[in-house]
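Novice: After the sequence you'll find the predicted model.
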Amino acid sequence: MNNFSFQNPTKLIMGRGTIAELGKEIPASKKVMITFGGGSVKKNGVYDQVKAALKDFRTVEFWGIEPNPAIETLRKAIALGKEEKVDFLLAVGGGSVIDGTKLISAGLLYEGDAWDLVKKGSSALTVPLATVLTLPATGSEMNNGAVISCHETKEKYPFYANFPVFSILDPQVTFTLPAHQIACGIADTFVHVIEQYLTKTGESRLMDRWAESILQTLVEIAPKIRENKEDYQLMADFMMSATMALNGFIAMGVSQDWSTHMIGHELTALAGLTHGHTLAIVLPGTMQVLRKEKGDKIIQMGERVFGVTEGTHDERIDETIRRTEDFFRALGLTTRLGEEHIGMEIVDEIERRFTERDVHFGEDGLVDGKTAKEILMKVL
């Protein structure tokens, strides 16, 4: 196990009816800006629950944080927050709303353009933020990370702020989610675990089995959720899987490889494909191209997650990759770029961007522009 330092200060409030507890968790003196995405929270009752819980608070609302939150939108939110002198933020939505609100939390205390903070990569000076999660996927409700886009330049970068003070998770609010959003959320959760697991063998038995337990849970519940997305216990397990996948717990002391995510971000920026869907396409290609470096761990994953125990070394790797792709397809997601009408023009542009930035992603810097193109060619 590698050396590490770990702290997660977010208070997690999980269960039925917990949105009503908002008023107990936010200091009464705070002026709260509530951030939203589209109008789905008005249709599923979440908006009414939030407003009822904060009826005694001074509140300001900002609407319209889109999937893959854009700096162009977030600048407007920051301007409103400064004008209204808000000193607490409540993000009500999925990962995109929460990610965008993390940048708002930093931008409210910054005099320049918030895109400067994104390009810098982080800001420790922020307004306190809490969340009401409506779409499990990114784990943003219990981590300090975000991903912010710029429509003008078609760029997308990670950004790190402070952790939410608290996050409320009520599985009942997920019952009305569209099937495609749930599928992308499950895929995103699955690949979050993979990026912290599918690296080296022998680093930590505990972290391996912790990661595998989340993967096993997702494989087990995914088909059941497709049959009945209003099963409270299934959606509670999905919510907790998404949170645990990226709150730092399974990353303690082990290597990580975020190359699939980095390539996926570029596909979203250039082609507009939903983030979780990009990962379902890219991951099988990553596993194929890096099968030599990741072979032993792929075999371990195959045995412990999918029950692949027979065949030669290469056959077991092939079967595990096939089972992984089948898992994504069973969610209703495509796993080939061509199926989404994405061709060589975008593949070449991603290679150009990575090469121009001289970036090396993944474990031991194995993935550069050339390797990224090779990965995408496998799933063209």
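Specialist: Happy to help now that I have it. Numbers count the residues shown, from 1 in each chain.

Novice: Can you point out the buried residues in stretch 221-241?
Specialist: 221-222, 225, 229, 231, 234-241 (16 or more other Cβ atoms under 10 Å). For the C-beta atoms, the positions are set from N, CA and C on the backbone; glycine is no exception.

Novice: for stretch 68-85, same thing?
Specialist: Applying 16+ other Cβ under 10 Å to stretch 68-85 flags N68, P69, A70, I71, T73, L74, R75, A77, I78, L80, G81 as buried.

Novice: my guess is the second one meets V97, correct?
Specialist: I take that to be P69. Yes: at 7.4 Å, P69 counts as touching V97 under the criterion of Cβ atoms under 8 Å.

Novice: Now A137. Nearest residue, chain neighbours left out?
Specialist: G185 (3.5 Å; Cβ to Cβ, 6 or more residues apart in numbering).

Novice: ok, that neighbour - how many residues close by?
Specialist: 27 (other Cβ atoms under 10 Å).

Novice: Contact partners for the residue nearest to the spatial centre of the chain?
Specialist: By Cα atoms, centre = their mean, the chain has its centre lying nearest to T138, at 2.4 Å. Residues in contact with T138 (Cβ atoms under 8 Å, 6 or more residues apart in numbering) are G94, G95, S96, I98, D99, D188, H192, A242, L246.

Novice: try it again with 7 Å
Specialist: By Cβ atoms under 7 Å, 6 or more residues apart in numbering, T138 lies in contact with G95, D188, L246.

Novice: Could you report the pLDDT at the residue nearest to A137?
Specialist: What the model reports for G185 is a pLDDT of 97.

Novice: Over to P223?
Specialist: pLDDT, read off for P223, is 97.

Novice: And for I194?
Specialist: 98.

Novice: That one: which element?
Specialist: I194 is located in helix 179-197, with elements delineated by DSSP states H and E.

Novice: Pull out the buried residues from that helix.
Specialist: Within helix 179-197, judged by 16+ other Cβ under 10 Å, the buried ones are 181-197.

Novice: on that earlier part again, show me the buried residues of stretch 221-241 that map onto helices.
Specialist: Among the buried residues of stretch 221-241, the members found in helices (DSSP state H) are I221, A222, I225, L234, M235, A236, D237, F238, M239, M240, S241.

Novice: now the residues you listed as a markdown table including distance to K156?
Specialist: Formatted as a markdown table, those follow (distance: Cβ to Cβ, whole Å):
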| residue | distance to K156 |
| --- | --- |
| I221 | 30 |
| A222 | 27 |
| I225 | 28 |
| L234 | 31 |
| M235 | 29 |
| A236 | 31 |
| D237 | 30 |
| F238 | 25 |
| M239 | 25 |
| M240 | 27 |
| S241 | 25 |
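
Novice: between these, which is nearest M262?
Specialist: S241 (22.6 Å; Cβ to Cβ).

Novice: ok now do that closest one, which residues does it touch?
Specialist: Contacts of S241 (Cβ under 7 Å, 6+ apart): T189, I214, T217, L218.

Novice: Pipe those residues into a markdown table and attach secondary structure per row.
Specialist: Output for the contacts of S241, formatted as a markdown table (DSSP: H, G, I helix; E, B strand; the rest coil):
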| residue | secondary structure |
| --- | --- |
| T189 | helix |
| I214 | helix |
| T217 | helix |
| L218 | helix |
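
Novice: Taking those, tell me the two that lie furthest apart.
Specialist: Pairwise over these, using Cβ to Cβ, the maximum falls at T189 and T217, 9.5 Å.

Novice: so what's A20 closest to, chain neighbours aside?
Specialist: A53 (5.3 Å).

Novice: Next one: that neighbour from P67, what distance?
Specialist: 26 Å (Cβ to Cβ, to the nearest Å).

Novice: Looking at the buried residues of stretch 68-85, which one is closest to G15?
Specialist: P69 (27.7 Å).

Novice: per-residue pLDDT, that closest one?
Specialist: For P69, pLDDT reads 96.

Novice: Let me know whether it touches I148 as I believe.
Specialist: Yes: shown here, P69 and I148 form a contact pair, counting by Cβ atoms under 7 Å, at 5.9 Å.

Novice: hey, what's in contact with both of these two?
Specialist: Among the neighbours of P69, those also in contact with I148 (Cβ under 7 Å, 6+ apart) are D99.

Novice: Tell me which other helices or strands the helix holding I194 touches.
Specialist: When contacts are defined as 3 or more Cβ pairs under 7 Å, 6 or more residues apart in numbering; DSSP states H and E, helix 179-197 packs onto helix 205-227, helix 232-245, helix 259-271, helix 275-289.

Novice: let's see 6 Å
Specialist: The helices and strands touching helix 179-197, judged by 3 or more Cβ pairs under 6 Å, 6 or more residues apart in numbering; DSSP states H and E, are helix 205-227, helix 232-245, helix 275-289.

Novice: now the strands for the protein?
Specialist: All strands of the chain, identified by DSSP state E, fall at 11-14, 31-35, 58-62, 88-94, 129-135, 145-150, 155-160, 166-169.

Novice: Right, I'll leave it there.
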